[in-house]
Structure formats: C-alpha cells, structure tokens
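Asks: this one's structure only:
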C-alpha cells in the first residue's frame, strides 16, 4: 500500500514542480490551430466522400 501512496505523492510533485504548463495565450493559440485543422480535415473527408458517392452512382447507373 505504501508503493501506491508513494506513487501518488511523486506524481503530484512532478505535476506541480516539474511540468511546464502552457500560458493562457499559448493554450488559446493551440486550440485555434486544432479547430482550424479539424475543420480542414473534415471538409477534405466530406469532399472525398461526395466524390466517391458520385463515382459509385455513375458506376451503378452504367451497370443497371
């Protein structure tokens, strides 16, 4: 049981003393980068899906 207690104490100490946390401005800029990247990737996937759907519909019309 003392190993678990030591682990928790050391983890807390590391998080408080050794970890360098980002500033509020750094955090906001990182969030903006993630949001913009997510939107761009979503648009690309949507365009690929619509393109593939169009190709498959054309293919099915040719077969039927």
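Replies: Received it, and whenever you're ready, just let me know what you need. Treat the numbers as computed from the prediction; the structure is a model and nothing was measured.

Asks: Which of the three states applies to residue 36?
Replies: Under DSSP: H, G, I helix; E, B strand; the rest coil, the three-state class of residue 36 is helix.

Asks: Okay, it and residue 49: tell me how far apart.
Replies: Distance check for residue 36 against residue 49: by C-beta to C-beta, to the nearest Å, it reads 20 Å. Every residue, glycine included, has its C-beta placed from N, CA and C.

Asks: neighbours of residue 6, just the number please.
Replies: Using other C-beta atoms under 10 Å, residue 6 is surrounded by 10 other residues.

Asks: Where does it fall, secondary structure wise?
Replies: Element membership for residue 6 (DSSP states H and E) is helix 2-13.

Asks: quick one: whichever strand or helix holds residue 51 to chain centroid distance?
Replies: Using DSSP H and E, residue 51 sits in helix 24-63. Relative to its chain's centre, helix 24-63 lies at 14 Å (C-alpha atoms, centre = their mean, to the nearest Å).

Asks: going forward, begin numbering at 5 instead of 1
Replies: Sure, I'll start counting at 5 from here, so that last one is helix 28-67.

Asks: in it, what's buried?
Replies: Going by neighbour count (16 or more other C-beta atoms under 10 Å), nothing in helix 28-67 comes out as buried.

Asks: which helices and strands does that helix pack with?
Replies: Judged by 3 or more C-beta pairs under 8 Å, 6 or more residues apart in numbering; DSSP states H and E, helix 28-67 is in contact with no other helix or strand.

Asks: quick one: average pLDDT of that helix?
Replies: Averaged across helix 28-67, the pLDDT comes to 97.

Asks: ok, back up a step: and for the helix holding residue 10, what's in contact with it?
Replies: For helix 6-17, there are no surrounding residues in contact (C-beta atoms under 8 Å, 6 or more residues apart in numbering).

Asks: Just the buried positions in it, please.
Replies: Buried residues in helix 6-17 (16+ other C-beta under 10 Å): none.
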